[in-house]
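In: 3D model of this:
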Amino acid sequence: MKPRLPALLLVPAILACIVVAAWAWSRERLPQPSPELALHTLQGTRISLGELRGRVAMVTFWATTCEICLREMPGLVDLHRDLGPRGLAVVAVAMPYDPAYLVAQYAATRKLPFTVALDLHGEAVQGFGGVAGTPTAFVIGKRGRVVERIVGAPDFARLRARIESELSEPG
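Out: Numbering: from 1, shown residues only. Sure thing, here's the model as predicted:
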C-alpha cells in the first residue's frame, strides 16, 4: 500500500513541532531568582538561601538510593574543597522521601564537608519549581539568581568552569 502524499507532508511538520517544543521546554528562562526558603541541616540548624547572597551557591538535590548521586559526591567534595575558600557554598538537599537516618549515616561515613540539608516536607523541591529526579542541581550566582539548572550527572569540568566564572563576577 502506497502512503498518501498529505500524510507524508505531516511528518516533517510534526517533527518540527516536536523539536521546537523540546527546545522551548529545555530552555530555562535563566537567570531567575532563587527561592526564599530555609533548609534544615543535619546539624539541626536552619540555613536560609538568602544568607548565601554575595556567594556563589550550588544547591543539589540527591537521594541515598540514587546511584548517580552517590557517584557524584566525591566531585562535589572536590568542588567544595577547591572553590569553597573562594566563596562557593555547596548545599546537598536530600529528597523528602529519603529517610533522615540514612542521609545522616551517609554524610557521616563519607565525612561530607559541605552543608547537608533535609527537605522533610518538600518545601525546597517545590521552591525550586519541582524536582522530578535526582540528581538535580542549581547554581546560584552572587546576586541570588539561579544561573544554571543541571539535571542528571554533571560534567564537572564544565560545572567548575561555570562556577569559577560566577565567582569572578562582581557581587
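
In: who touches stretch 89-97?
Out: Identification of contacts with stretch 89-97 by CB atoms under 8 Å, 6 or more residues apart in numbering yields 39, 47, 52, 55-64, 73, 76, 79-80, 84, 100, 103, 112, 114-122, 124-125, 131, 134. All C-beta spots, glycine's among them, are computed from the backbone N, C-alpha and C.

In: now, which of those residues lie within helices?
Out: Counting by DSSP state H, these place 73, 76, 79-80, 100, 103, 124-125 in helices.

In: Put the buried members of the residues you listed into a PyMOL selection.
Out: Buried subset of the ones in helices among the contacts of stretch 89-97, written as a PyMOL selection, criterion 16 or more other CB atoms under 10 Å:
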select buried, resi 73+76+79+80+103+124+125
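
In: Pipe the ones in helices among the contacts of stretch 89-97 into JSON lines and attach distance to residue 33 and pLDDT per row.
Out: Below are the ones in helices among the contacts of stretch 89-97 laid out as JSON lines (distance: CB to CB, whole Å; pLDDT from 0 to 100):
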{"residue": "73", "distance to residue 33": "28", "pLDDT": "98"}
{"residue": "76", "distance to residue 33": "24", "pLDDT": "98"}
{"residue": "79", "distance to residue 33": "23", "pLDDT": "98"}
{"residue": "80", "distance to residue 33": "24", "pLDDT": "98"}
{"residue": "100", "distance to residue 33": "29", "pLDDT": "96"}
{"residue": "103", "distance to residue 33": "27", "pLDDT": "98"}
{"residue": "124", "distance to residue 33": "15", "pLDDT": "96"}
{"residue": "125", "distance to residue 33": "17", "pLDDT": "96"}
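
In: Identify the residue nearest the geometric centre of this structure.
Out: By CA atoms, centre = their mean, the chain has its centre lying nearest to residue 137, at 0.9 Å.

In: Spit out the contact partners of the closest residue to residue 34 other than its chain neighbours.
Out: The shortest distance from residue 34 to any non-neighbouring residue, by CB to CB, 6 or more residues apart in numbering, is to residue 140 (4.7 Å). Going by CB under 8 Å, 6+ apart, residue 140 touches 34, 49, 52, 56-59, 146-147.

In: The ones in helices among the contacts of stretch 89-97: which two are farthest apart?
Out: Using CB to CB, the ones in helices among the contacts of stretch 89-97 span at most 24.4 Å, a distance reached by 79 and 100.

In: Am I right that residue 158 is in a helix?
Out: Yes. Assessed with DSSP: H, G, I helix; E, B strand; the rest coil, residue 158 lies in a helix.
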